[in-house]
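> Need coordinates for the following:
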Amino acid sequence: MAKAIMIQGTMSNAGKSLVTAGLCRVFKQDGYKVAPFKSQNMALNSYITDEGLEMGRAQVMQAEAAGIKPSVLMNPILLKPTNDKGSQVIVNGEVLDNMNAWDYYEFKSKLLPHVQKAFDTLAAENDIIVIEGAGSPAEINLNKEDFVNMGMAKIAGAPVLLVGDIDRGGVFAQLYGTVMLLPEEDRNRIKGLVVNKFRGDKAILDPGLDMIEERVNIPVVGVLPYTYVDVDDEDGLSERMTRKNTIGKVDIVVPRLPRISNFTDFNIFESFEGVSLRYVHDPKSLGNPDMIILPGTKNTMGDLKWLRESGMEAAIMHAVDKGAVVFGVCGGYQMLGETISDPHGVEEGGEMRGLGLLPMDTVFEAAKTRTRVEGKFGKVEGVLSSLTGVDIEGYEIHMGISTVKNNKTLTNITGKVDEASNAGGTAGGEYFTKNEGAFAGNAYGTYVHGVFDKEGVAVAILSDLAKRKGVELQELESFDYKAYKEEQYDKLADMVRNNMDMKKVYEILGM
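The predicted structure is shown next:
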């Protein structure tokens, strides 16, 4: 069985996901077979595996850092919030049910065997498992039957590294308070403290490190500097959402929908010099973009209402009238159509008017489409005509079927239907080929998440936008996104090696 180490945090967004990924990369570089694990993840940013199963995107990123294929074993339970009090519960990659918070709290103990089995399977196949916790282990109201933080550490027999976020202030209070709120058995599981997101002269911090070690009798094993590493983020707490970006030669804007999902679809655009990718939450910030991307959402109808009530819809339509390209992905694609119908009450029930930029109607079905796909763009017209014939790959994950009225579909794709999926109207386990997506004027849409990541897609789009605007972007054709991501993981590993006591970490692991 593998050795295990667990990364817990003093709060959400303390940096657990990134530290976990960094350690996965370090262990991989050191020659070990390593895998990430998170028993329960709450996020709208999900991914479809080769088997057609759904898991959290953070564990996909960590699997990439470890150099292995993502598996739902790495994230057996995924909670996708549907509103402030409830979530869709996904177990072993498949939808179990929608539950409110109290019902799930009462039910979750029944899921422990799934967590145990997933972990044991991974542990039998690897040398090291790096486990990520969720939120804080000191949420004392949630410790009953916990299998996410200290409960998971107990299941795995894993020592714990506790990560605190110094950037938001009060890191010593975070670390001390978390440790002191835990019962002695759990307190003894913490074998190292990590101060994350540090800026400045460490010599000034050192006296505080000495004092915290003395007060909790746990060594500080790392002070990680505030470092920007371009890897996929877990959820809407991402700093990408609030970063103030300078407007580039080519400006791309993403409306920050209240229930935005899979925003990592657009990360690739941040990798090009001269290109700005901005997330905006109010109409005044939209500006005069070259392209607006409507992202995926866990609630298409609810977020379409928000677009209208906030004034964002009017701002988008004004920008389109002035010549901006608009591209919708998944829920954003559904919004671009003429109507959205929900006869089964999947979201809000009833029927809504869409933005009307694509001649298309969407009807929500009770079953979820869940499949990986590959294929090509068809004959594409308008500003983005360079997409014609370009290869794509990605995945579909949505409720609803969209019917295009003008026969101008965007892509031709092939995928495999999951047993519980309605993709392509085909029986489970069979392969399908279909035309999907749509375009009209300078509006484009597709159900395919990851559509921009395949080599050549983002380059074609940026080339067309730059050409239309009369500007030049450097080194577009030579950009290799996969190689770029590998460089980012190595950069992350270097940061961890240089700022954590890896000898001590291996000692804590018992290796």
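> quick one: low-confidence ranges for this protein?
234-244, 417-429 (pLDDT under 70).
> before we move on, what SS does residue 432 have?
Secondary structure, DSSP: H, G, I helix; E, B strand; the rest coil: residue 432 is strand.
> how many neighbours does it have?
When neighbours are defined as other C-beta atoms under 10 Å, residue 432 has 16 of them. For glycine as for every other residue, the C-beta is placed from the backbone atoms N, C-alpha and C.
> For it, give its distance to residue 371.
Here the distance between residue 432 and residue 371 works out to 8 Å (C-beta to C-beta, to the nearest Å).
> ditto for residue 465
In terms of C-beta to C-beta, residue 465 sits 30 Å off from residue 371.
> quick one: buried residues of stretch 180-187?
Counting neighbours by 16 or more other C-beta atoms under 10 Å, one finds that the buried residues in stretch 180-187 are 182, 186, 187.
> I'd like to check what contacts stretch 339-353. Which residues are they?
When contacts are taken as C-beta atoms under 8 Å, 6 or more residues apart in numbering, the neighbours of stretch 339-353 outside the stretch itself are 299-302, 304-305, 334, 338, 354, 361-366, 399-400.
> what about the strands in the stretch 1-150 of the chain?
With DSSP state E, counting those that start in this stretch applied, the stretch 1-150 of the chain shows strands at 3-9, 34-37, 40-42, 46-48, 54-56, 77-83, 86-91, 94-100, 128-132, listed in chain order.
> Of all those strands, which one comes closest to residue 415?
Go through the strands of the stretch 1-150 of the chain one by one with C-beta to C-beta and the one that ends up closest to residue 415 is strand 46-48, at 9.5 Å.
> so what strands line up beside the closest one?
Partners of strand 46-48 in the sheet, by DSSP bridges, are strand 54-56 (antiparallel).
> buried set for the partner strand?
Using 16+ other C-beta under 10 Å as the burial criterion, the residues of strand 54-56 that qualify are 54, 55, 56.
> got it, and stretch 504-511?
When neighbours are counted by 16+ other C-beta under 10 Å, the buried residues of stretch 504-511 are found to be 504, 505, 506, 508, 509.
> Just the CA trace of the helix or strand harbouring the first one, in PDB.
In this case it means residue 504. Taking DSSP states H and E as the definition, one finds residue 504 inside helix 502-509. Coordinates of the C-alpha atoms in helix 502-509 are reproduced here as PDB (Å, rounded to 0.1, in the frame of the first residue of the first chain):
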ATOM      1  CA  MET A 502      11.500  18.200   1.600                       C
ATOM      2  CA  LYS A 503      13.900  16.100   3.700                       C
ATOM      3  CA  LYS A 504      11.500  16.700   6.600                       C
ATOM      4  CA  VAL A 505       8.400  16.000   4.400                       C
ATOM      5  CA  TYR A 506       9.900  12.600   3.400                       C
ATOM      6  CA  GLU A 507      10.700  11.900   7.000                       C
ATOM      7  CA  ILE A 508       7.000  12.700   7.900                       C
ATOM      8  CA  LEU A 509       6.000  10.300   5.100                       C
END
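> so how far is it off the chain centroid?
Average the C-alpha atoms of helix 502-509, do the same for its chain, and the two points are 29 Å apart (C-alpha atoms, centre = their mean, to the nearest Å).
> by contact count, what packs against it?
For helix 502-509, the helices and strands in contact under the criterion 3 or more C-beta pairs under 8 Å, 6 or more residues apart in numbering; DSSP states H and E are strand 3-9, strand 190-198, strand 220-225.
> Pairing partners for the first one, with directions?
For strand 3-9, the pairing partners within the sheet under DSSP bridges are strand 128-132 (parallel), strand 160-165 (parallel).
> hmm, who's touching it?
Residues from elsewhere that reach strand 3-9, judged by C-beta under 8 Å, 6+ apart: 15-16, 19-20, 23, 37, 123, 127-133, 135-137, 149-150, 152-153, 156-165, 190, 505, 508-511.
> Reformat the strands paired with strand 3-9 as JSON lines; add distance to residue 78 and mean neighbour count.
Listed next are the strands paired with strand 3-9 as JSON lines, based on distance: least, C-beta to C-beta, whole Å; neighbours: other C-beta atoms under 10 Å:
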{"stretch": "strand 128-132", "distance to residue 78": "13", "mean neighbour count": "27"}
{"stretch": "strand 160-165", "distance to residue 78": "22", "mean neighbour count": "27"}
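> Looking at those strands, which is nearest to residue 110?
Each of the strands paired with strand 3-9 was checked against residue 110 via C-beta to C-beta, and the shortest separation belongs to strand 128-132, namely 21.2 Å.
> Find the nearest non-adjacent residue to residue 474, please.
With sequence-adjacent residues excluded and distances taken as C-beta to C-beta, 6 or more residues apart in numbering, residue 474 is closest to residue 273, at 5.6 Å.
> and the one you found, what does it touch?
Neighbouring residues of residue 273 by C-beta under 8 Å, 6+ apart: 473, 474, 475.
> Near the last one, how many other residues are there?
Neighbours of residue 475 under the rule other C-beta under 10 Å: 9.
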